[in-house]
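Participant: Predicted structure and sequence below. I'll ask about it afterward.
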Amino acid sequence: MAKSNMDQDILKVLLSREDIQRRVQELGDAIYDNFRDKDPMFVGVLNGCFIFMADLVRASQMKSELEFISVSSYQNGTRSSGVVQITRDLQRDITGRHIIVVEDILDSGNTLYFLKNYLLAKGAASITIVTLLDKPARREKPIVADYVGFEVPDEFVVGYGLDYAQQYRNMPYIGVLKPEIYSK
């Protein structure tokens, strides 16, 4: 097993590497069944999506394009500010395209609510939301994901792309961060 100086900051493991791999393959299979003839474009929400999206696109095994957008509503905090800002916009035209938005976590809903409306305004034919984690206890906006990996409790989770202050993304599992780490 690889050494890690991050494990000491984890209160408990919520989802193991194996749990995640199994569920990502199930999501990829379902997406393939629904989009194999639609030439979809996966749009990843950076930075948190990058590990999940790479695995999901490989699991779906269909012709598709990839694009990325970066938005911010947390500014290194633990709660959304409610104000969503685009920090990196799409580089290609999405008019008439079937868009599969890939997000690490659906929490307050502020980001995905904003993005869905933004992408529709840019001319997308359809928007499908895929999120690895869904935390409905924190929802502020009326939005639901079309595909959900796991529903999680209202705890601060990190790993497999999810971060706290840009750290912990590279852990192969999803764990609950000890409160003393983020309440300093």
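Facilitator: That came in fine, so what should we check first? Residues are numbered from 1 along each chain as shown.

Participant: Pull the distance from stretch 48-66 to the chain's centre.
Facilitator: Per Cα atoms, centre = their mean, to the nearest Å, the displacement of stretch 48-66 from the mean C-alpha position of its chain is 11 Å.

Participant: How far does that stretch stretch from one end to the other?
Facilitator: Terminal residues of stretch 48-66 are spaced 15 Å apart (Cα to Cα, to the nearest Å).

Participant: Could you point out the helix or strand that follows the longest helix along the chain?
Facilitator: Taking DSSP state H as the criterion, the chain has its longest helix at helix 17-35. Per DSSP states H and E, the first helix or strand lying C-terminal to helix 17-35 is strand 41-46.

Participant: Could you export that next one as CSV, CA atoms only?
Facilitator: Extracted in CSV, the C-alpha atoms of strand 41-46 (Å, rounded to 0.1, in the frame of the first residue of the first chain):
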residue,chain,number,x,y,z
MET,A,41,-20.4,16.0,-25.2
PHE,A,42,-19.2,15.4,-21.7
VAL,A,43,-18.7,18.7,-19.9
GLY,A,44,-16.6,18.4,-16.8
VAL,A,45,-16.9,20.9,-13.9
LEU,A,46,-13.3,21.6,-12.9
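
Participant: which residues touch stretch 164-183?
Facilitator: Residues outside stretch 164-183 that contact it (Cβ atoms under 8 Å, 6 or more residues apart in numbering): 4, 6-7, 9-17, 20, 47-48, 50-51, 76, 78, 133, 152, 155-163. Where you see a C-beta, it was placed from the backbone N, CA and C, and this is true even at glycine.

Participant: pLDDT of it, averaged?
Facilitator: For stretch 164-183, the mean pLDDT works out to 95.

Participant: start to end distance for it?
Facilitator: 11 Å.

Participant: Going by neighbour count, list what's buried in that stretch.
Facilitator: Going by neighbour count (16 or more other Cβ atoms under 10 Å), the buried part of stretch 164-183 is 164, 168-169, 171, 173-177, 181.

Participant: ok, now stretch 45-61?
Facilitator: Those would be 45-53, 55-57, 59-60, for stretch 45-61 by 16+ other Cβ under 10 Å.

Participant: tell me the mean pLDDT over that stretch?
Facilitator: The model assigns stretch 45-61 a mean pLDDT of 97.
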